[in-house]
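Undergrad: with the sequence up front, the predicted model follows.
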Amino acid sequence: MKLSIVFKVFQITIIIMLIIIIVLTLFLQKNHKELQKAENIRYKSYVIAEELKQSSDDLTRYCRSYVLTSDSIWENKYLKVLDIRNGKLPRPDGHTISLLDSMKKLGFTKPEFDKLKVAENNSNELVWTEKVAFNAVKGLFDDGSGKFSIKASPDIEMARRIMFDKKYHDEKKMIMAPIRDFFKMLDKRTHDAVIAYKVFNNSLLRVVIGLIFLILVIGVISFFIVLKNIIQKMNVLEASNKLVMTKNDELSRFTYIASHDLQEPLNTIISFSKLLKEGYHDKLEGIGQKSIEIIDESTMRMRSLTTDLLEYSRIGRKVKPEIIDVNKLLENIKLDLTELIDKNNVTITYNNLAEVSAYRNELRMLFLNLITNAIKYRKETVAPEITIEFEEGKDEYTYAVIDNGIGIDMQFKDKIFEIFQRLHTNDQYSGTGIGLANCKRIVELHKGEIWVRSEVGKGSKFLFTIKKDLING
Ligand code: ADP
């Protein structure tokens, strides 16, 4: 299949998936809000249940205290609780709303509301009983029409009997029982709603993570298909030695466009993966958390790959050699690496390096790669010491970048200059295996050679030559 078609299919798939991810993320946010609403209703219903129970107990206590002491302070307290409960006086939080109305605001089903109605009726009846007790203490008695117009001597005994006998107790139970039923129903319903939202949320999240994974997998596969093809073609072309330069140019251009275009969707994936990590990493556990970590790691790795490939494809594009002061070039590189150098206590030494005619960006990339490798592959307990040496030959200059790092097994001396070949692949040394392949291409562009001398555990010396006369050389 033609590479450009593979690449287009990959791009379109990623765009479609990104759209799906955006829609799902919006859903996720909406669902999250609903979940918070359901949890809020649940919390409020607990508060109201507590208040109802508390106020009912207060009423009983105040009325009983009154019939025992005949002190009007208890009657005032009793009336205040009743007024607050009926929405005639403000509650402690400043709102003036009856308990029944606050319950209605939570939004009930019909069976829940019916239970509440029963409780309210029973409660009104109990208030009536308590009123009879209050009035008996004052010597006022019911005339049969609901008015306390019969005056006689106070009957404290009767008042106490009303408030403490079994009948009162039973009537009180009849208020609390439907309220308990009501809250059981409400509790079950809101609990189910919260669980349903949570399940839905988790499934959505899994789909989003799954899709991002899929994008990554498709991304990585297409990426390698493209690469493999490019490299195969380059090899074939180099072997047949026909039109190498033009074809290489074409392929470089293609690598450039491919890696450049890959970076665009990749940046979007990286933003999403960051969003995921910040928003959901702590909310998930086990495989969920691990997946987010893998996504983050893989996206960062893909980014270094595309960046290195961009460099690979840029080598030798539309530039002319210039006379370059290598000392200044190295000063510049040191400035760029200040943070890395300070962090690792690196010393870089060089003296009076000659001017050379070279491609500026490429020569810079060459030194930068060798120096960053010398720092990256350092020995854990030893501060990196890098020396850059220079020697003038008949037709060429030879440069050497020497380090005191972990060194390289010499049986791999050629392999390390091939693309994607890495010797140290544990977590400590992250990399793409493109750096030295880039160096080789740069040196070849300068009609020179690059090689390494090294001893494991002692350090490495990377040497390269540059022809004096680059144009005719
Ligand atoms: P990477 O991205 O892995 O650093 P490179 O192409 O720059 O890729 O290097 C290829 C491999 O050569 C590295 O993975 C590492 O194992 C080895 N290597 C490169 N430079 C050094 C060095 N200065 N010291 C020891 N090993 C090195």
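TA: Yep, it's here. Residues are numbered from 1 along each chain as shown.

Undergrad: am I right that residue 34 is in contact with residue 197?
TA: Yes. Under the criterion of Cβ atoms under 8 Å, residue 34 makes contact with residue 197 at 5.6 Å. C-beta here means a position set from N, CA and C on the backbone, and glycine is covered the same way.

Undergrad: please name the bridge partners of residue 465.
TA: residue 398 (DSSP bridges).

Undergrad: which residues touch it?
TA: 393, 396, 397, 398, 399, 443, 448, 449, 450 (Cβ atoms under 8 Å, 6 or more residues apart in numbering).

Undergrad: from the residues you listed, which single one is nearest the ligand?
TA: Distance ranking of the contacts of residue 465 against the ligand, using Cβ to the nearest ligand atom, places residue 450 first at 11.5 Å.

Undergrad: residue 443 is in contact with the closest one, correct?
TA: Yes. Counting by Cβ under 8 Å, residue 450 touches residue 443, with 4.3 Å between them.

Undergrad: what's the overlap in contacts for the two?
TA: Common neighbours of residue 450 and residue 443 are listed as 464, 465 (criterion: Cβ under 8 Å, 6+ apart).

Undergrad: quick check on residue 34 and residue 197: which one has the bigger neighbour count.
TA: Of the pair residue 34 and residue 197, residue 197 is the one with more neighbours under other Cβ atoms under 10 Å, namely 19 against 15.

Undergrad: so what's the more buried one closest to, chain neighbours aside?
TA: residue 35 (3.9 Å; Cβ to Cβ, 6 or more residues apart in numbering).

Undergrad: break down the stretch 351-473 of the chain into its strands, ranges please.
TA: Taking DSSP state E, counting those that start in this stretch, the strands of the stretch 351-473 of the chain run over residues 355-358, 385-392, 396-403, 450-455, 459-467.

Undergrad: neighbours of residue 32, how many?
TA: Neighbours of residue 32 using other Cβ under 10 Å come to 15.

Undergrad: and this structure, which residues reach the ligand?
TA: Residues of the chain lying near the ligand by Cβ under 6 Å from any ligand atom: 373-374, 377, 403, 405-408, 416, 422-424, 431-437, 460.

Undergrad: related to what we said a few turns ago, mind putting the strands of the stretch 351-473 of the chain into TSV with mean pLDDT and distance to residue 290?
TA: What follows is the strands of the stretch 351-473 of the chain, written out as TSV (pLDDT from 0 to 100; distance: least, Cβ to Cβ, whole Å):
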stretch	mean pLDDT	distance to residue 290
strand 355-358	88	47
strand 385-392	94	38
strand 396-403	95	36
strand 450-455	96	38
strand 459-467	94	36
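
Undergrad: go ahead and confirm residue 115 touches residue 185.
TA: Yes. Counting by Cβ under 8 Å, residue 115 touches residue 185, with 6.9 Å between them.

Undergrad: neighbour-wise, which of those two wins?
TA: residue 115 (21 against 18).

Undergrad: okay, helices next: where are they in this protein?
TA: Along the chain, counting by DSSP state H, helices occupy 3-69, 72-85, 99-105, 110-138, 156-164, 166-240, 244-280, 287-314, 326-336, 338-344, 360-376, 435-445.

Undergrad: going by mean pLDDT, which of those comes out lowest?
TA: Mean pLDDT is lowest for helix 244-280 among these, at a mean of 71.

Undergrad: buried ones in that helix?
TA: Within helix 244-280, the residues scored as buried using 16 or more other Cβ atoms under 10 Å are 247-248, 251-252, 254-256, 258-259, 262-263, 265-266, 268-270, 272-273, 276, 280.

Undergrad: kindly report the same for stretch 146-157.
TA: For stretch 146-157, the neighbour count (16+ other Cβ under 10 Å) marks 148, 155 as buried.

Undergrad: what does stretch 426-438 give?
TA: By neighbour count on 16+ other Cβ under 10 Å, the buried set for stretch 426-438 is 431, 432, 433, 434, 435, 436, 437, 438.

Undergrad: find the nearest non-adjacent residue to the fourth one, please.
TA: So that's residue 434. residue 308 (3.8 Å).

Undergrad: mind listing what that neighbour touches?
TA: Contacts of residue 308 (Cβ under 8 Å, 6+ apart): 432, 434, 435, 438.

Undergrad: cutoff 7 Å now
TA: 432, 434, 435 (Cβ atoms under 7 Å, 6 or more residues apart in numbering).

Undergrad: so which of the residues you listed is the closest to the ligand?
TA: residue 435 (2.6 Å).

Undergrad: return the residues in contact with that closest one.
TA: By Cβ under 7 Å, 6+ apart, the residues touching residue 435 are 308, 369, 373.

Undergrad: please redo it, this time with the cut-off set to 8 Å
TA: Taking Cβ under 8 Å, 6+ apart, one finds 308, 369, 372, 373 in contact with residue 435.

Undergrad: grab the nearest non-local neighbour of residue 403.
TA: Leaving aside its sequence neighbours, residue 403 sits nearest to residue 374 (Cβ to Cβ, 6+ apart; 3.6 Å).

Undergrad: meant to ask about residue 420, not that
TA: Per Cβ to Cβ, 6+ apart, closest to residue 420 is residue 433, 4.2 Å.

Undergrad: ok so, going back, so which of the contacts of residue 465 wins on neighbours?
TA: Neighbour-wise, these (other Cβ under 10 Å) top out at residue 399, 25 neighbours.

Undergrad: dump the residue contacts of it.
TA: 326, 353, 388, 389, 390, 463, 464, 465, 466.

Undergrad: distance to residue 81 added to those residues, as JSON lines?
TA: Converted to JSON lines, the contacts of residue 399 look like this (distance: Cβ to Cβ, whole Å):
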{"residue": "326", "distance to residue 81": "91"}
{"residue": "353", "distance to residue 81": "92"}
{"residue": "388", "distance to residue 81": "88"}
{"residue": "389", "distance to residue 81": "93"}
{"residue": "390", "distance to residue 81": "95"}
{"residue": "463", "distance to residue 81": "94"}
{"residue": "464", "distance to residue 81": "92"}
{"residue": "465", "distance to residue 81": "98"}
{"residue": "466", "distance to residue 81": "95"}
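
Undergrad: can I have the buried ones of these as a PyMOL selection?
TA: To isolate the buried members of the contacts of residue 399 in PyMOL, using 16+ other Cβ under 10 Å:
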select buried, resi 326+353+388+390+463+464+465+466
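
Undergrad: quick one: residues in contact with stretch 132-142.
TA: With contact meaning Cβ under 8 Å, 6+ apart, stretch 132-142 is reached by 63, 66-67, 70, 75, 78, 148-156, 158-160, 162-163.

Undergrad: what's the spacing between residue 373 and residue 75?
TA: Computed as Cβ to Cβ, to the nearest Å, the residue 373 to residue 75 distance reads 90 Å.
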